[in-house]
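1. using only what follows, build the 3D model:
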Amino acid sequence: MTRKRTILAGICGMVLLGGMAVWLTRPAEPAYEGKPVSVWLEELYTRPLPVHGSHSPFDPAWIALRKIGTNAIPTLVDMLSTRELSVKTKSILWLRKHNLISNRIKTPDERHARAFLGFQVLGTDLAASAVAEVGRLVQDEDKTVREAAVGVLADIGGRNSETIRVLIKALQDPVGEVRLSAVFSIHKLCLGRKLEVLPILSDAELRQQVVAALAKAIKDSDAGVKEISGWILGAIDPKGAKEAGVK
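-> Numbering: from 1, shown residues only. Below is the predicted model of the structure:
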């Protein structure tokens, strides 16, 4: 066995043991009709999307997750807070490819995606109590956790000033993907489908804070952040957007 393979085998072994330890020490997930949260999430996540591009609220997995309700929040927060380690991710994928671990052991990105979907299903009516915990994850040291948490806030935080202020702060994150997630979330909470300004911005102080943040964001180094910030600013403050050079 070459040195490279020896090192890989050692890393995979540590990941396997670590994954088993984490798996065994996680708190038991709440269940509905004998299936835990993660199983219902997997069923919904892997279901082919219909033509309109979103999961149906009549899907059995959707209904099950809604039935579990707020009891699912600890599991979803645990998934969302999984930190990324490139070596760990590669090892999980390698071990899974060779049928050495269960497909139920997910990479951090996979866990984030399923948590995101779970929070979407719960929505503001069932997941509002998780806003504080998810808001804390926006400050996590792991950029992938921050990015996922910012996206989730738009689905569970509701259209309120505190959620938007957290997102404004996230626009200053050093990582472009996090800033992009933040500006998408601001778009979702402040503008309607036809780019109409929503009532949340009738608060003059909050509106001013959003405009000021977007005026900075249109100069962002990330092209996506610049473009979407321009759209939002143009809808909220057309005159200011024009003066700032937004086309």
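
2. please report how far the residue nearest the centre of the chain lies from residue 242.
-> Geometric centre of the chain, nearest residue: residue 148, 2.7 Å, by CA atoms, centre = their mean. Spatial separation of residue 148 from residue 242 under the definition CB to CB, to the nearest Å is 35 Å. No exception for glycine: its C-beta is placed from N, CA and C like everyone else's.

3. what's the answer for residue 145, then?
-> From residue 145 to residue 242 the distance is 38 Å (CB to CB).

4. higher neighbour count, these two?
-> Under the criterion of other CB atoms under 10 Å, the comparison of residue 145 against residue 242 puts residue 145 first, with 21 against 12.

5. which strand or helix spans the more buried one?
-> helix 143-156 (DSSP states H and E).

6. quick one, what contacts residue 213?
-> Residues in contact with residue 213 (CB atoms under 8 Å, 6 or more residues apart in numbering) are 168, 171, 186.

7. show me the shaky parts of the chain.
-> Per-residue confidence for the chain (pLDDT under 70) gives these ranges: 1-27, 50-53, 85-106.

8. how is the chain partitioned into domains?
-> Taking automatic domain parsing as the reference, the chain has its domains at 1-131, 159-247.

9. would you turn those domains into CSV with distance to residue 140?
-> Below are the domains of the chain laid out as CSV (distance: least, CB to CB, whole Å):
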stretch, distance to residue 140
domain 1-131, 7
domain 159-247, 10
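
10. residue contacts, the residue nearest to the centre of the chain?
-> 80, 112, 115-116, 137, 181.

11. from these, which is closest to residue 28?
-> residue 115 (17.5 Å; CB to CB).

12. include neighbour count when you put the contacts of residue 213 into CSV, please.
-> Below are the contacts of residue 213 laid out as CSV (neighbours: other CB atoms under 10 Å):
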residue, neighbour count
168, 20
171, 23
186, 26
